[in-house]
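# just to be clear, the model below is a prediction. Sequence and coordinates:
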Amino acid sequence: MSALVSNVKWSGRRGAAARSISVTLIDDDGYGHARPEIDVEDGVQCVFSWKGVELFRGMFMRQDQSKQKTTSLTAYDDGIRLSNNEDTFTYENKTASEIFIDVCKRFGIPYGEVADTKYRIPELIKPKTTGWDVICDALSLTYKAKGVRYYAICVEGKMRLLERRENLLQWVIETGQNLEDYTRTKSIEKVKTRIKALSKEDTVLAEATNAEVEKKLGIFQEITSVDDEMNSAQLNKMVKTMLAANSRPEQSLSVSTSGMPEVVSGVGVYIIIDHLVVSETFYVEDDSHEVNGNRQSMKLKLITAADIEEEFDDEPPVCTFVFKRILYYKSSMMRGDDVKHMQEELHKRGYDLGKPGIDGIFGKITDKAVRKFQGDVGLLTGKSGIDGHVGPKTVGKLGCVWGGK
């Protein structure tokens, strides 16, 4: 059927259950012309690959035929099963990870990697609602309690639950390089300067105030109801986390560029725009990709990545150095600032660099430290396992920027 394709668009939105793809096919009924024989009632599956990489897998759910002798088909990945299936959900002392797995099993949805969200939600009762709704509530409660964001995504036909910060700092978009157009917006319309947590009896259990912002803007207060089983430390951390996320202005940036089909809603990109004095990481809020002939283009709506601006006691500072080549140990030994920055990030995390220390030379001791780090963070980078090569995946795990090809 690939020979009949004239146009392909695929897109997603952060917070939406499913990604979708729209395919326009030639549907000429002339003599000897092949025609797409697809009926959505048959549950026809769709797999889309670009340059050997699978970018979408799902099921066709809508078809439109026109006078122009074309057929337009729209498919959704398995996330649609989360938003289109309803049930009554009752959980006690369960993690969002366990809730995610339970929902997938209820509706026969295949799942793969599931991050351990750790926090146990005292109680979550959701009558007559969608599986997606209960998962979103579980992730929201986890974020309020622990300050860590997670998101669900369908990859190669399996739903996955991932920690958002693990997917930051992977791609670079820069003026004069690959950035074609941009628009920036900044708003304080939803800013909050005070957060109060109330019990079921409306007793104030915890509160937090951003006096600096309040001095400039005045009082903007939000009330949230919480479970009485949370202790004082959890409540105080929750309101501080909520305030940190809501006392900043909302900032969005829309960009257009070519290439990068792997960039989808929920992941992070590093943006460099000299005119706006911008050089930071953003989350992809909405993504829209299109293939016409041999050209693949994309439009992204971005929001600031607040996660990396907050300091967590168990995480080292974020590195913003841009790595542009794959680093590895060889007989002539690679040298340079990129090797030095990589060593600094390993040193921050407690990895032993021996007597040479941070010297900008990729020797045997640095190779050993890299391999130890890759094993600790679960990176199986080579065909036979850990290979000691510092490429995009390892750079991302180090919290740095990959700008290579």
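Perfect, I can see it now. These numbers come from a predicted model, not from an experiment.
# is it true that residue 372 touches residue 350?
No - with contacts counted by Cβ atoms under 8 Å, residue 372 stays clear of residue 350, the gap being 10.2 Å. (Each C-beta comes from the backbone N, C-alpha and C, glycine too.)
# the two: which has the busier surroundings?
residue 372 (16 against 9; other Cβ atoms under 10 Å).
# how far away is that one from residue 86?
47 Å (Cβ to Cβ, to the nearest Å).
# and what of residue 121?
For residue 121 relative to residue 86 (Cβ to Cβ), the value is 20 Å.
# of the two, which one has the most company?
Neighbour count, other Cβ under 10 Å: between residue 121 and residue 86, residue 121 has more, with 20 against 16.
# low-confidence ranges, the stretch 101-250 of the chain, go.
165-170, 227-230 (pLDDT under 70).
# residue 135 - that's part of a helix, no?
Yes - secondary structure of residue 135 (DSSP: H, G, I helix; E, B strand; the rest coil): part of a helix.
# doesn't residue 82 make contact with it?
Yes - between residue 135 and residue 82 there is a contact under Cβ under 8 Å: 6.7 Å.
# between the two, which contacts overlap?
The overlap between the contact sets of residue 135 and residue 82 (Cβ atoms under 8 Å, 6 or more residues apart in numbering) consists of 103, 152.
# the helix or strand where residue 60 lies pairs with which strands?
Assessed by DSSP states H and E, residue 60 sits inside strand 53-65. Using DSSP bridges, the strands paired with strand 53-65 are strand 45-50 (antiparallel), strand 70-76 (antiparallel).
# quick one: the last one to chain centroid distance?
Read it as strand 70-76. A distance of 26 Å separates the centroid of the chain from that of strand 70-76, by Cα atoms, centre = their mean, to the nearest Å.
# any chance you could list what contacts that strand?
By Cβ under 8 Å, 6+ apart, strand 70-76 touches 6, 18-27, 36, 38, 40, 46, 56, 58-66.
# avg pLDDT for the helix or strand just after that strand?
Using DSSP H and E, the next helix or strand after strand 70-76 towards the C-terminus is helix 79-83. On average, the pLDDT along helix 79-83 is 93.
# dump the helix or strand following helix 79-83 to PDB, restricted to CA.
Helices and strands here follow DSSP H and E; after helix 79-83, the next one along the chain is strand 86-95. The C-alpha coordinates for strand 86-95 follow below in PDB (Å, rounded to 0.1, in the frame of the first residue of the first chain):
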ATOM      1  CA  GLU A  86     -14.600   2.900  31.100                       C
ATOM      2  CA  ASP A  87     -14.900   1.100  34.400                       C
ATOM      3  CA  THR A  88     -15.100   1.700  38.200                       C
ATOM      4  CA  PHE A  89     -11.700   1.800  39.800                       C
ATOM      5  CA  THR A  90     -10.900   1.400  43.500                       C
ATOM      6  CA  TYR A  91      -7.300   1.300  44.800                       C
ATOM      7  CA  GLU A  92      -5.800   1.400  48.300                       C
ATOM      8  CA  ASN A  93      -2.100   1.800  49.000                       C
ATOM      9  CA  LYS A  94      -1.100   1.300  45.400                       C
ATOM     10  CA  THR A  95       1.600   3.100  43.400                       C
END
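# list the neighbouring strands of strand 86-95 plus their orientation.
Strand 86-95 is paired, per DSSP bridges, with strand 120-130 (antiparallel).
# if we go by neighbour counts, what in the strand it pairs with is buried?
Residues of strand 120-130 classed as buried by neighbour count (16 or more other Cβ atoms under 10 Å): 121, 124, 126, 130.
# closest to residue 300 among those residues?
Nearest to residue 300 among the buried residues of strand 120-130 is residue 130, at 27.1 Å by Cβ to Cβ.
# surely residue 290 touches residue 298?
Yes - Residue 290 is in contact with residue 298 according to Cβ under 8 Å; the separation is 7.3 Å.
# neighbour-wise, which of these two wins?
A direct count of neighbours by other Cβ under 10 Å for residue 290 and residue 298 places residue 298 higher, at 22 against 15.
# what is the burial count for the closest residue to residue 18 other than its chain neighbours?
Sequence neighbours aside, residue 79 is the residue nearest to residue 18 in space, at 3.4 Å (criterion: Cβ to Cβ, 6 or more residues apart in numbering). Number of residues near residue 79 (other Cβ under 10 Å) recorded here: 22.
# repeat that for residue 90.
Residue 90 has 11 nearby residues by other Cβ under 10 Å.
# what residue ranges in the stretch 301-405 of the chain score low on pLDDT?
Looking at the stretch 301-405 of the chain by pLDDT under 70, you get 305-321, 377-385, 401, 403-405.
# residue boundaries of the helices in it?
337-348, 364-376, 392-397 (DSSP state H, counting those that start in this stretch).
# quick one: the longest strand seen in the chain to strand 53-65, angle?
What stands out as the longest strand in the chain, according to DSSP state E, is strand 278-292. Strand 278-292 runs at 50 degrees relative to strand 53-65, counting by axes from the mean of the first three to the mean of the last three Cα atoms, to 10 degrees.
# what's the spacing between the residue lying closest to residue 87 once chain neighbours are set aside and residue 88?
Closest residue in space to residue 87, ignoring its immediate chain neighbours: residue 106 at 6.4 Å, by Cβ to Cβ, 6+ apart. For residue 106, the distance to residue 88 equals 11 Å [Cβ to Cβ].
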